[in-house]
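Asker: coords below, sequence missing:
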């Protein structure tokens, strides 16, 4: 996403400020280059955690932001009725008990859910948090159709506060046990958000720090392209963290991030490149972690069948898409794109995240897309896409030309897309390969004019992270999500019906069978072809810190999990250096900004006394 800045031209003010800034900043820049550490010096005695990532949060308004880094911040800043445990299971957060039929929490066959919340909880500004805040949050999302959390409230008609510690959710149909407990809706303070219209919530309202929630940490600073700062919430009702302050550092260069991890400037890093990860060795101060998550890489097709699509019409034929599934060697993609730190994939429901029940459907040997170019060619012939005299596949007597795109921010996908281009060419398809900015690709996928959709792409290789609940992930590909979450613009009536059925299946075993059937339909229809399950790569400093809490009995991630915040609550400094670790990059930024502001103010005052500078939104 681009950043909007004011452009000053033909102004003596600009000249005066520029000259003054150069005098101040250039020496400071040379000083900065000598400082290896990217973090500020904390207050004396403060326990400060410094973490690095390569994904700058795009917007900390929880109804606007979409980056995974945003969800990590929100998981710490806000509370939820139910949280996520170390086995990816629901745990109690604001809720004081799990609702059941036995305790009266589930009634009318699963249509009415009554949830008791903890008493004495306060917002980070000291205002009491009650069931009224919970009901307000759910109704606010439902009433204003706030897309970021609309999937989480699907099927819920309204919420009502019965008293200060009891909220009731009334549903349009029975809701599955387990499904409701994984609806990760961050509870927002009514006394703040009641003054924000639904339209403003997704447009002009910025949620600039301090951001008031009720989670263990409060966001107090967000310096774009540099860091997000969070401080411990003194009113937090749960386990009291030892950490006083967290800095999430933004890095444009993953190699620099790993260097800072090595030097001790930061305590953890995520988004590490494969080459740098392989350099890290276990047994020292730094523990490298490669773990599976809910993410997958995919080859996506423009399946939109309505007027207005700018994709190649052959992609609307599921037989054409299905044939291409046999033209991809997933094992080779895993080895070459990720040096083996990935697994060949089948569906968008990970085989690593759910055990009881296991929601991942695995195709049989006869159903699976094996790598078989001869079979792919045969299926294309049978579907009527014959070759011309020059060997090129034809549609309406013209060669089939397909755009194949990946993004500049996904190194693994860039390798995958090159290999896929080679295999598809062997099928007689003309492939135009390009690697473009992710913002540009997003705009092309969701291209529209007014209410008319004009998806402008053919084939895309990209990566996706699903929800903790498998049903929510599959809901993204229902017809109602076209132009929103349904990137392939795929529609299937049977799939849509099953999506409703899985959400209301009270019996977990029955729900498992429905979710398996949904994956089977999607696999055959192939709106996209799931390629690989890349491991997420991170590393943490275990010499300075004890208490890193990895998911799945030590086989999962330690942080950056967008829900499981156990490490932040369990971490303890092993030595005094942990509480004073980090350097001065942010402190330097603050000094530079302050000096620039002072110089700019002086220049403006000299040029035109009393002139007021317009606010700039970035």
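Answerer: Nice, thanks for sending it over. Source: prediction; values computed, not measured.
Asker: distance of the residue sitting nearest the centre point of the chain relative to residue 91?
Answerer: When CA atoms, centre = their mean is applied to the chain, the residue found nearest the centroid is residue 68 (2.7 Å). Taking CB to CB, to the nearest Å as the measure, residue 68 falls 21 Å from residue 91. Quick note: C-beta positions are derived from backbone N, CA and C, even for glycine.
Asker: next one: residue 259
Answerer: Counting by CB to CB, the gap from residue 259 to residue 91 is 37 Å.
Asker: and what of residue 309?
Answerer: Residue 309 sits 44 Å away from residue 91, going by CB to CB.
Asker: and for residue 345?
Answerer: 29 Å.
Asker: who's more crowded, these two?
Answerer: residue 345 (21 against 16; other CB atoms under 10 Å).
Asker: okay, the more buried one and residue 266: tell me how far apart.
Answerer: Taking CB to CB, one finds residue 345 at 31 Å from residue 266.
Asker: got it, and residue 548?
Answerer: Distance from residue 548 to residue 266, by CB to CB: 14 Å.
Asker: have a look at these two and say which one is more surrounded.
Answerer: Shown here are residue 548 and residue 266; by other CB under 10 Å, residue 266 has more neighbours (30 against 20).
Asker: the more buried one reaches residue 260, doesn't it?
Answerer: Yes. At 5.0 Å, residue 266 counts as touching residue 260 under the criterion of CB atoms under 8 Å.
Asker: can you map out the helices along the stretch 151-300 of the chain?
Answerer: Listed in chain order, the helices of the stretch 151-300 of the chain (DSSP state H, counting those that start in this stretch) span 190-193, 198-201, 254-263, 274-279.
Asker: and residue 530, which of the three is it?
Answerer: Following DSSP: H, G, I helix; E, B strand; the rest coil, the label given to residue 530 is strand.
Asker: what does the helix or strand hosting residue 323 rub up against?
Answerer: Residue 323 belongs to helix 318-324 when assigned by DSSP states H and E. Under the criterion CB atoms under 8 Å, 6 or more residues apart in numbering, residues 299, 301, 303, 314-315, 376, 379-380, 382-383, 385, 424, 427, 524-527, 529 lie in contact with helix 318-324.
Asker: 6 Å instead, please
Answerer: Under the criterion CB atoms under 6 Å, 6 or more residues apart in numbering, residues 301, 314, 376, 379, 380, 383, 525, 526 lie in contact with helix 318-324.
Asker: mind listing what's buried in whichever helix or strand the fifth one is part of?
Answerer: Under the assignment given by DSSP H and E, the secondary-structure element containing residue 380 is helix 373-382. Buried residues in helix 373-382, counted by 16 or more other CB atoms under 10 Å: 376, 377, 379, 380.
Asker: give me the next element, helix or strand, following that helix.
Answerer: strand 394-395.
Asker: where's the helix or strand just after that following strand relative to the chain centroid, distance-wise?
Answerer: Next helix or strand after strand 394-395 toward the C-terminus (DSSP H and E): strand 398-399. Mean-position distance between strand 398-399 and its chain equals 39 Å (CA atoms, centre = their mean, to the nearest Å).
Asker: please apply the same query to stretch 178-198.
Answerer: 18 Å.
Asker: mean confidence for that stretch?
Answerer: For stretch 178-198, mean pLDDT is 93.
Asker: now do the same end-to-end measure for it.
Answerer: Criterion CA to CA, to the nearest Å; first-to-last residue distance in stretch 178-198 is 29 Å.
Asker: can you point out the buried residues in that stretch?
Answerer: 178-193, 196.
Asker: pLDDT weak spots in the protein?
Answerer: The chain contains residues with pLDDT under 70 at 1-44, 282-283, 576-618.
Asker: if we use 50, what do you get?
Answerer: For the chain, the stretches flagged by pLDDT under 50 are 1-39, 583-584, 588-618.
Asker: domains in the chain, as residue ranges please.
Answerer: Domain assignment for the chain, taken from automatic domain parsing, gives 1-35+590-618, 48-59+215-291+539-579, 79-201, 295-534.
Asker: show me how far the longest one is from its chain's centre.
Answerer: Looking back up the chat, that one is domain 295-534. With CA atoms, centre = their mean, you get 19 Å for domain 295-534.
Asker: re the thing from before, and the domains of the chain: which comes nearest residue 73?
Answerer: Shortest distance between residue 73 and the domains of the chain, using CB to CB, is found for domain 48-59+215-291+539-579: 6.0 Å.
Asker: and the closest residue to residue 409 other than its chain neighbours, how many neighbours?
Answerer: In this structure, residue 409 finds its nearest non-sequential neighbour in residue 438, 5.3 Å apart by CB to CB, 6 or more residues apart in numbering. Neighbour count of residue 438, defined by other CB under 10 Å: 14.
Asker: repeat for residue 493
Answerer: 8.
Asker: please report the distance of the closest residue to it other than its chain neighbours from residue 490.
Answerer: Leaving aside its chain neighbours, residue 493 sits nearest to residue 479 (7.9 Å; criterion: CB to CB, 6+ apart). Using CB to CB, residue 479 is found at 8 Å from residue 490.
Asker: so between those two, which is more surrounded?
Answerer: residue 490 (26 against 14).
Asker: my guess is that one meets residue 302, correct?
Answerer: No. In this structure residue 490 lies outside contact range of residue 302 using CB atoms under 6 Å: 9.6 Å.
Asker: relative to residue 314, how far out is the nearest residue to residue 144 once chain neighbours are set aside?
Answerer: Among residues not flanking residue 144 along the chain, residue 198 sits closest, at 2.8 Å (CB to CB, 6+ apart). Distance of residue 198 to residue 314, given as CB to CB: 41 Å.
Asker: same check, this time on residue 424
Answerer: From residue 424 over to residue 314 (counting by CB to CB), the distance is 12 Å.
Asker: could you do residue 559 as well?
Answerer: On the measure of CB to CB, residue 559 and residue 314 end up 44 Å apart.
Asker: now swap in residue 136 and tell me
Answerer: Taking CB to CB, one finds residue 136 at 49 Å from residue 314.
Asker: one step back: in contact with the residue nearest to the centre of the chain, which residues?
Answerer: By CB under 6 Å, 6+ apart, the contact set of residue 68 is residue 562.
Asker: phi, psi for it please.
Answerer: In terms of degrees, to the nearest 10, the main-chain angles of residue 68 are phi -60, psi -30.
Asker: and it, how close does it get to residue 202?
Answerer: Here residue 68 is placed at a distance of 19 Å from residue 202 (CB to CB).
Asker: repeat for residue 536
Answerer: 29 Å.
Asker: who's more crowded, the two?
Answerer: For residue 536 versus residue 202, the count of surrounding residues by other CB under 10 Å is larger for residue 536: 21 against 17.
Asker: which ones are touching the more buried one?
Answerer: With the criterion set at CB under 6 Å, 6+ apart, residue 536 makes contact with 291, 293, 557.
Asker: rerun that using 7 Å as the cut-off
Answerer: Taking CB atoms under 7 Å, 6 or more residues apart in numbering as the criterion, residue 536 is in contact with 291, 293, 295, 557.
Asker: can you report phi and psi for the nearest residue to the second one once chain neighbours are set aside?
Answerer: By that I understand residue 293. Nearest residue to residue 293 in three dimensions, chain neighbours excluded: residue 536, at 5.2 Å (CB to CB, 6+ apart). Main-chain dihedrals, residue 536, degrees, to the nearest 10: phi -80, psi 140.
Asker: with the one 10 residues further on instead?
Answerer: Here the main-chain torsion angles of residue 546 (degrees, to the nearest 10) amount to phi -110, psi 150.
Asker: ok, how many other residues are close to it?
Answerer: Number of residues near residue 546 (other CB under 10 Å) recorded here: 12.
Asker: tell me the contacts of residue 268?
Answerer: 51, 538, 539, 540, 541, 559.
Asker: what bridges to the fifth one?
Answerer: With DSSP bridges applied, the residues forming beta bridges to residue 541 are residue 286.
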